[in-house]
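**Q** Generate a structure from the sequence data that follows.
(one chain, ligands or ions: 2)
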Amino acid sequence: MFLAVAGKGGTGKTTFVALTVKHLLAAGKRPILAVDADPNANLAQALGMEPPPSIASIMQAVAEDREQIPPGMSKDQFVAYRLHQSLEEGKDVDLLVMGGPEGPGCYCYVNHLLRTQLKKMAANYPYVVMDNEAGLEHLSRRTTQNVDFFFIISDATVKGIRSAARISELARSLKLQVGQEYLVINRVRPGDLDVLLPEVEKTGLTLAGTVPADPLVAEYDLYCRPLLELPDEAPAVQAVKEILKRTGIL
Ligand SMILES: Nc1ncnc2c1ncn2[C@@H]1O[C@H](COP(=O)(O)OP(=O)(O)OP(=O)(O)O)[C@@H](O)[C@H]1O
Ligand SMILES: [Mg+2]
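**A** Numbering: from 1, shown residues only. Ligands and ions are numbered 1, 2, ... in the order given. This is a model prediction of the structure:
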């Protein structure tokens, strides 16, 4: 199952990804490959893991021949080997950080290798969860397989819903193969939906659910505590669970 999360900056993508990982783990759905494809990477912190070196930095070094390929090893094998080294291995969750943006050079060849190697790597995991930025850079480069579940996270504003709709259009124009696409509105306060639902209707997006503004989420972030450790009763944790159940993921 390949689940991708996108949204504009600060909408709560990483929070949603981390809570999704939490629920998948609790349901025994493991091992999970978590991919941080946001250049402003912070998924590691949310998962309580060490951030590994980014793939972009490694691939750039390979492309610029700053990395010495051992004699007898092909470039393909070397990329596979370096990719494996950049995997941060946890108990049930492994983490890859894509990184970027790259330098000005053309790395078509290395990118091609990366695509094929990443696909092979992802194939080892029954669950892959990916945190993307709004531009869908890594999804657009097809470094991954088809997306089974695509969640677009919006903040609780009309502007946010409209930008979620633009991300949906972008995904379509990139011809991403998406199984099911859903909108999630995050940090919702009582009464917000009265204003937002008509806007959602205009966009034609399918609302999977909402996540309330939860002071505990903000507090964990403040103290840099992993979101995986949030108590099950926390309203945001419960809300994400409902969304995952409703969409058939749990
Ligand atoms: N439901 C919520 N209740 C309270 N605070 C929240 C909630 N969701 C997210 N936040 C807070 O909002 C901020 C942004 O959340 P998060 O990092 O998940 O967003 P993001 O979309 O991944 O951001 P970025 O684009 O910077 O990667 C964080 O400080 C987080 O703690
Ligand atoms: Mg983030």
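
**Q** Point out where the chain drops to low pLDDT.
**A** Residue ranges of the chain with pLDDT under 70: 101-107, 110, 141-145.

**Q** how many other residues sit next to the closest residue to ligand 2 within it?
**A** Using C-beta to the ion, the single residue of the chain nearest to ligand 2 is T14, 3.2 Å away. Placement of C-beta: from N, CA and C, glycine included. A count of neighbours around T14, defined by other C-beta atoms under 10 Å, yields 25.

**Q** again with K91
**A** Neighbour number of K91 under other C-beta under 10 Å is 8.

**Q** Next: the one 5 residues further on.
**A** Applying other C-beta under 10 Å, we find 23 residues neighbouring L96.

**Q** So the residue lying closest to it once chain neighbours are set aside: helix, strand or coil?
**A** Excluding the flanking residues, the one nearest L96 by C-beta to C-beta, 6 or more residues apart in numbering is V35, at 4.9 Å. With DSSP: H, G, I helix; E, B strand; the rest coil as the basis, V35 sits in strand.

**Q** just to revisit the earlier point, isn't there a helix covering the residue of the chain closest to ligand 2?
**A** Yes. Applying three-state DSSP, one finds T14 inside a helix.

**Q** what sits against the closest residue to P226 other than its chain neighbours?
**A** Closest residue to P226 apart from its sequence neighbours, by C-beta to C-beta, 6+ apart: G48 at 2.9 Å. Contacts for G48 (C-beta atoms under 8 Å, 6 or more residues apart in numbering) come out as 225-226, 228-229.

**Q** one more time with 10 Å
**A** Contact analysis of G48 by C-beta atoms under 10 Å, 6 or more residues apart in numbering lists 18, 90, 93, 224-229.

**Q** Next, the most centrally placed residue in the chain: secondary structure please.
**A** The C-alpha lying nearest the average C-alpha coordinate of the chain belongs to D131 (C-alpha atoms, centre = their mean; 1.4 Å). Classification of D131 using three-state DSSP returns strand.

**Q** how about the residues of the protein that lie near ligand 2?
**A** Contact residues (C-beta under 5 Å from the ion) of the chain with ligand 2: 13-14.

**Q** so where do the helices sit in the chain?
**A** 13-26, 43-47, 55-63, 75-85, 108-122, 137-140, 158-173, 192-203, 215-222, 235-246 (DSSP state H).

**Q** what's the closest residue in space to the residue of the chain closest to ligand 2 that isn't next to it in sequence in contact with, if anything?
**A** Among residues not flanking T14 along the chain, A46 sits closest, at 5.1 Å (C-beta to C-beta, 6+ apart). Counting by C-beta under 10 Å, 6+ apart, A46 touches 13-19, 21-22, 34, 36, 131, 220-221, 224-228.

**Q** The longest strand belonging to the chain and ligand 1, any residue contact?
**A** Using DSSP state E to define each element, the chain has its longest strand at strand 178-188. Yes. Counting by C-beta under 6 Å from any ligand atom, contacts between strand 178-188 and ligand 1 involve 186-187.

**Q** Dump that strand to CSV, restricted to CA.
**A** What follows is strand 178-188 as a C-alpha-only set of coordinates in CSV (Å, rounded to 0.1, in the frame of the first residue of the first chain):
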residue,chain,number,x,y,z
VAL,A,178,-3.8,7.8,-8.0
GLY,A,179,-6.2,5.2,-6.6
GLN,A,180,-8.2,7.2,-4.1
GLU,A,181,-7.7,10.9,-3.4
TYR,A,182,-9.0,12.6,-0.3
LEU,A,183,-9.0,16.0,1.3
VAL,A,184,-8.3,16.3,5.0
ILE,A,185,-8.9,19.6,6.8
ASN,A,186,-6.6,20.1,9.8
ARG,A,187,-6.7,22.2,12.9
VAL,A,188,-10.5,22.7,12.6
